[in-house]
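**Student:** What follows is a predicted structure for the sequence shown.
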Protein chains: 2
Amino acid sequence: MNINPIVILVRPQLPENIGAAARAMSNFGLSELRLVAPREGWPHQRARETASGGEAVIDAAKAFPDFASATADIHLACATTARSRDMEKKVLAPPALVKALRTHKNKKIAFVFGPERTGLENEEIVLCDLLITIPTAPKHSSLNLAQSVAVLSYEWFMQNQKPSTVLKTPQKIAPKGDWQGLFQQLEDYLDQTSYFRVAHKKPLMWQNLQNMLLRANLNPQEVRTLRGMIRALWEKRQT
Amino acid sequence: MNINPIVILVRPQLPENIGAAARAMSNFGLSELRLVAPREGWPHQRARETASGGEAVIDAAKAFPDFASATADIHLACATTARSRDMEKKVLAPPALVKALRTHKNKKIAFVFGPERTGLENEEIVLCDLLITIPTAPKHSSLNLAQSVAVLSYEWFMQNQKPSTVLKTPQKIAPKGDWQGLFQQLEDYLDQTSYFRVAHKKPLMWQNLQNMLLRANLNPQEVRTLRGMIRALWEKRQT
C-alpha cells in the first residue's frame, strides 16, 4: 500500500466545504489536509462543526500562504480539473489515476483541488504532474468541492483495500521545492534574454516550458544536473 | 445500459442534504429523486438553492407519505446501510452492486437512503432486495447523506460509461531527427563552457543529460521551444 495522499484545498471559500471534505477524507482513511489561503481564515469553527467525525483531520490541517509552500515537499501533484486546459499533461479519471499511483511507492502524493467556483489557476496546474477529471454527465460537470474530495478518496480507498501488484517503481522524483528553485533560476535568466521579448506571450510560453520540463520526472540529482547545464549555458565562456 | 436508478431519500432531515444529493445525482446523470416524508416539507427553497445546477432534479422530485408508496412501482430496491443488520440479504459494496445490477435490464431500480442520523429502519430494509455498504475506514463509518448518494451515483456512472480511462494523452512525440538536432546544438554550446571540464566524465554526463531530456516525450514544436530556450540562454544579452 502506498503512503496515503495529502489533500490540498487551494483558496477554499466556505469553511463548511473544508469540514465536509475532512469528513469524507476521514471516512476513507485519508488524514493529511493542507489549505492554501482559505478565504475565511484558519482555524475555523464552522469547518470543525461540519466535519462530524473528521475533527482529527481538521485539527491537524495546516494552512499555507501560497501554492508553492504547500507543495514544496510533494513529489507528485495531481490536480483536479473539470475543464480541459489544453495542457500537455495526462488527464486521468479517478480509477486510472489511482491505478497509476501504485507505481509511486514511498512518495508524497497530493490531490489538489481549486476554489469552489473557479477551480485552479493555470499557473498552479502547470506545476502539477497529472490532471484528474472526474467524469460527469456533460450537461452538469460542476461537482461540489467536498463531493469531489469524497469521490477521489473513495476511489483511493477502494483500490487500496486489497494488496495490489506493483508493476514498476521508478526512481525517486524530485519534490516540488527543487523544481521551484530550477524554475526561478531559469526564469530569471530568460528574462534577461530576448526569449520573452513579446511580453503578452510570456505567460503561455513560460507555462509550456515548465510543463515540458516537469514531464521528464527528474530525480533531485537530475534537477541539479539540469540547473548546472542551464548555468553553464548562461555563464558561457566565463571560465 | 440499464435504466438509470431512482434515488429514494427516506425521511431526510436537512433540505441542504436533499439539494446536495440532487446536485450529485445530476453530475452523474441520475434524474429521478423521491422523498419519503421529508422533515421540513416539500418543495423546499433551501434544497433548490444547494442543488447548484441540479435544479431540474429538485423540480421533478416527488414526495411520498411513506416507504410503501414511494417504492410501489420499484422492481429492485437496494438499501444503503453502514451497520450490518443481521439480515439474510446480500450485502454488496458499490462496485459489486452496480455490476450485479447489469443483469436487471428494463427494471425500475432504486437506491434507498435512510435519514441522516439513524439510517433506515429494519422494517424498511427487510422490504429491499439487496443491501449496499460503502466501505469506509473502520474508525469513521458515518458518511454524509449526500456524499453517499455521490459515491453510489459515481460508481453507477463510471461502470455505465464506455471504458475510457485515459481521457487525454500527450500528443505526438518528436522523431529522433528532431532530438538529434537539439542534442548537436546543446553539445556544441556546452563544449564551449566549463560544463564538461573533466574530460573523462563527459560521456556519462552527456548520456544522462540526453536521457533526462528525452524522458519528457516532447513533440516537434516543444523540441523547437527547448532549442529556442537554449539559444536564448547562450546568446544572452546580445539583443
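**Tutor:** Ah, there it is.
**Student:** for the residue nearest the centre of chain A, helix, strand, or coil?
**Tutor:** Nearest to the mean C-alpha position of chain A, counting by CA atoms, centre = their mean, stands A:Ala77 at 3.2 Å. Recorded secondary structure, A:Ala77: strand (DSSP: H, G, I helix; E, B strand; the rest coil).
**Student:** hang on, isn't it packed against A:Asp129?
**Tutor:** Yes: if you go by CB atoms under 8 Å, A:Ala77 and A:Asp129 touch, sitting 5.6 Å apart. C-beta coordinates here come from the backbone N, C-alpha and C atoms, glycine included.
**Student:** show me what contacts the residue nearest to the centre of chain A?
**Tutor:** A:Ile8, A:Thr71, A:Ile109, A:Ala110, A:Val112, A:Leu127, A:Cys128, A:Asp129, A:Leu130, A:Lys176 (CB atoms under 8 Å, 6 or more residues apart in numbering or on different chains).
**Student:** Quick check: phi and psi at the third one.
**Tutor:** Reported as degrees, to the nearest 10, the phi and psi values for A:Ile109 are phi -110, psi 140.
**Student:** From the contacts of A:Ala77, which land in helices?
**Tutor:** A:Thr71, A:Lys176 (DSSP state H).
**Student:** Turn the contacts of A:Ala77 into CSV, columns for distance to A:Gly29, pLDDT and neighbour count.
**Tutor:** CSV is the format used below for those (distance: CB to CB, whole Å; pLDDT from 0 to 100; neighbours: other CB atoms under 10 Å in any protein chain shown):
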residue, distance to A:Gly29, pLDDT, neighbour count
A:Ile8, 17, 98, 26
A:Thr71, 22, 92, 27
A:Ile109, 14, 93, 19
A:Ala110, 16, 96, 23
A:Val112, 19, 97, 29
A:Leu127, 27, 86, 23
A:Cys128, 23, 87, 26
A:Asp129, 23, 87, 22
A:Leu130, 21, 89, 18
A:Lys176, 24, 82, 26
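**Student:** among the contacts of A:Ala77, which are in strands?
**Tutor:** A:Ile8, A:Ile109, A:Ala110, A:Val112, A:Leu130 (DSSP state E).
**Student:** Is the third one bridged to anything, and to what?
**Tutor:** If I follow you right, that is A:Ala110. Under DSSP bridges, the beta-bridge partners of A:Ala110 are A:Ile6, A:Ala77.
**Student:** From what I see, it and A:Ile3 are in contact.
**Tutor:** No: in this structure, A:Ala110 is not within contact of A:Ile3 by CB under 8 Å, at 11.0 Å.
**Student:** okay, now A:Glu235: neighbour count?
**Tutor:** 15 (other CB atoms under 10 Å in any protein chain shown).
**Student:** any idea how far A:Ala150 is from it?
**Tutor:** 51 Å (CB to CB, to the nearest Å).
**Student:** show me where chain A has helices.
**Tutor:** Counting by DSSP H, the helices of chain A are A:15-27, A:45-50, A:55-60, A:67-71, A:94-101, A:122-125, A:145-159, A:176-191, A:202-214, A:220-235.
**Student:** Pick the most buried one from those helices.
**Tutor:** Comparing the helices of chain A by mean neighbour count (mean count of other CB atoms under 10 Å in any protein chain shown), helix A:15-27 comes out on top with a mean of 27.
**Student:** Centre of the chain to stretch A:199-219, how far?
**Tutor:** 16 Å (CA atoms, centre = their mean, to the nearest Å).
**Student:** what is the mean pLDDT for it?
**Tutor:** Stretch A:199-219 shows a mean pLDDT of 87.
**Student:** hmm, who's touching it?
**Tutor:** Contacts for stretch A:199-219 (CB under 8 Å, 6+ apart): A:87-89, A:122-123, A:126-127, A:129, A:170-174, A:179, A:182-183, A:186-187, A:190, A:195-196, A:222, A:226, B:170, B:212-213, B:215-218, B:222, B:225-226, B:229.
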